[in-house]
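Asker: have a look at this prediction, sequence included:
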Amino acid sequence: MEGRSMESGLRKQGRSFFISMQESWRYMKAIFTGQLRKARARTEKEASEADLQTAKAQVEAADAAEEKKKQLGI
């Protein structure tokens, strides 16, 4: 029985790691695309909107990861 619980624990850790990696990727993607949008902005308003969209995407990435972990019971 210990083998199964250990295997289950490793499986959960692997899933948690994968979800964290997805979150990191989405977070970095949000930063990168936000910086591009900000660099291409023609006005201060467009630059501010780019910052807001970046922050929103980062929050969404974190929320999605937390939701997945809750669903998996991690």
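Answerer: Here it is on my side, so go on. Numbers count the residues shown, from 1 in each chain.
Asker: and the residue sitting nearest the centre point of the chain, what pLDDT?
Answerer: With distances taken as CA atoms, centre = their mean, E23 lies nearest the centre of the chain, 2.4 Å away. As predicted, E23 sits at a pLDDT of 93.
Asker: ignoring the adjacent residues along the chain, who's closest to it?
Answerer: A65 (3.7 Å; CB to CB, 6 or more residues apart in numbering). Every C-beta, even on glycine, is put in place using the N, C-alpha and C of the backbone.
Asker: then I31?
Answerer: T54 (6.4 Å).
Asker: likewise for A47?
Answerer: A41 (4.0 Å).
Asker: give me phi/psi at that neighbour?
Answerer: phi -60, psi 140 (degrees, to the nearest 10).
Asker: residue contacts, the residue nearest to I31?
Answerer: A30, I31, T33, G34, Q35, R37, K38 (CB atoms under 8 Å, 6 or more residues apart in numbering).
Asker: for the host helix or strand of Q13, packing partners?
Answerer: Here Q13, judged by DSSP states H and E, is contained in helix 2-40. Helices and strands touching helix 2-40, by 3 or more CB pairs under 8 Å, 6 or more residues apart in numbering; DSSP states H and E, are helix 44-72.
Asker: what angle separates the helix it packs on from helix 2-40?
Answerer: Angle, helix 44-72 to helix 2-40, by axes from the mean of the first three to the mean of the last three CA atoms, to 10 degrees: 170 degrees.
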